[in-house]
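Asks: any chance you could fold what I've pasted below:
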Amino acid sequence: MSAPHLGDVEPITSRRGAFWVRGERLETPGATLARGPLYVWWEAPADPAATRAIPIVLVHGGGGQSTDYLHAIDGGPGWASMLVAEGYAVYVVDRVGHGRSPLHPDVLGAMGPPFSYEFALGLFAPGHRDHTQWIGGREIGDPLLDQVISPSGPMLADLGAAQALDADRLARLLDRIGPAFLVTHSAGGPSGWLTAAARPQLTQAVVAVEPIGPPYADLPGLGTLTHGLTAAPMDPATLAGLPILVVSGEASVFATFDELVVDFLRDAGAAAQRLHLPDIGIRGNGHAMMLERNAREVLQPILDWLDAR
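Replies: Numbers count the residues shown, from 1 in each chain. I've put the predicted structure just below:
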């Protein structure tokens, strides 16, 4: 894999930092432990006066971490930098038990299976003939595929408990930063619905990029969406009136059920819309569109939709 083309990246001067949303203090024999903190990286334009009023919280998918948004797999800029360049303050999280948010089974519970190369290939690079935007190869040994696997780890075995933890921490993040847009991906989608339900006045809109589904699905190796779009308890009616954009790519299996997700949200009263990328001329994307060749092109209609909010 070649080094990033740093000369091709527009320099951005920004304010930035990081903090933690604390979890519970767990009392055990002889020790008090931190349970389930949420790591948050933030970045904003250098000039506060030029920063948009509503920030964006970026929530990664299952097994991933905040690096999904921080940089592309070839080392180029990710969606977080692109959003800062557009004037947004961004908060990029490592979901509980992922990335820099520590996972220990004695504290958070049993872990699910490891994230394998075979699983990554089936999810991100399945070989669909219309999947033309994937940057890397499609076989084990490809160095760019290594960049996808390296930050990927196990999820918690209890899907509902994991979603509830994420939603609690994200809700308390909104308590700290104020009203925000939520952008979620894949298995991070349920934490977006749950956070919006818990903090309706602080959730300005949700962009769900290829959220897991369809409603009430049994997800092999993960769990069951017992409560419609979540495994954790949630009354869908709490999403009534919420602006939601469900985004899907041309060459992803998630596009086979995204309309069912939108229908479920509309039935609950949400102001849900479907954005199927080929319908607006954006072709060749798979499940991890923020990591693909045309990531900036994919981001533009999302920006346009957020601008209209």
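Asks: distance check, the residue nearest the centre of the chain against Trp20.
Replies: Nearest to the mean C-alpha position of the chain, by Cα atoms, centre = their mean, lies His60 at 2.7 Å. Distance of His60 to Trp20, computed by Cβ to Cβ, to the nearest Å: 17 Å. The C-beta positions use only the backbone N, C-alpha and C, and glycine is treated the same way.
Asks: please apply the same query to Leu299.
Replies: 28 Å.
Asks: neighbour count: those two, which is higher?
Replies: Leu299 (18 against 14; other Cβ atoms under 10 Å).
Asks: just the helices in the stretch 151-300 of the chain please.
Replies: All helices of the stretch 151-300 of the chain, identified by DSSP state H, counting those that start in this stretch, fall at 159-177, 189-198, 258-267, 295-308.
Asks: okay, these, which one's buried deepest?
Replies: A comparison of these by mean neighbour count, using mean count of other Cβ atoms under 10 Å, puts helix 189-198 on top with a mean of 27.
Asks: relative to helix 258-267, how tilted is that one?
Replies: Put simply, helix 189-198 runs at 10 degrees to helix 258-267, going by axes from the mean of the first three to the mean of the last three Cα atoms, to 10 degrees.
Asks: got a list of contacts for helix 189-198?
Replies: The contact list for helix 189-198 (Cβ atoms under 8 Å, 6 or more residues apart in numbering) reads 59, 61, 95, 163-164, 166-168, 170-171, 174, 182, 184, 203, 206, 208, 210-213, 225, 229-232, 234-235, 238-239, 242.
Asks: what's the angle between that helix and helix 159-177?
Replies: Using the same axes, to 10 degrees, the direction of helix 189-198 lies 50 degrees away from that of helix 159-177.
Asks: my read: Leu145 touches Leu123, true?
Replies: No - between Leu145 and Leu123 there is no contact under Cβ atoms under 8 Å: 11.6 Å.
Asks: Asp130: neighbour count?
Replies: For Asp130, the neighbour count with other Cβ under 10 Å is 14.
Asks: then Glu43 would be within a helix, right?
Replies: No - when classified by DSSP: H, G, I helix; E, B strand; the rest coil, Glu43 is found to be strand rather than part of a helix.
Asks: and the pLDDT for it?
Replies: Confidence at Glu43, expressed as pLDDT, is 97.
Asks: quick one: the strands in the stretch 151-300 of the chain?
Replies: For the stretch 151-300 of the chain, the strands defined by DSSP state E, counting those that start in this stretch cover 180-185, 203-209, 218-219, 223-224, 243-248, 271-276.
Asks: mind checking which of the ones you listed is nearest Leu83?
Replies: strand 180-185 (8.7 Å; Cβ to Cβ).
Asks: and that closest one, which strands flank it?
Replies: strand 56-59 (parallel), strand 203-209 (parallel) (DSSP bridges).
Asks: any residues touching it, and which ones?
Replies: 54-61, 64, 68, 79, 91, 170, 174, 191-192, 195-196, 202-211, 288, 290, 302, 306, 309.
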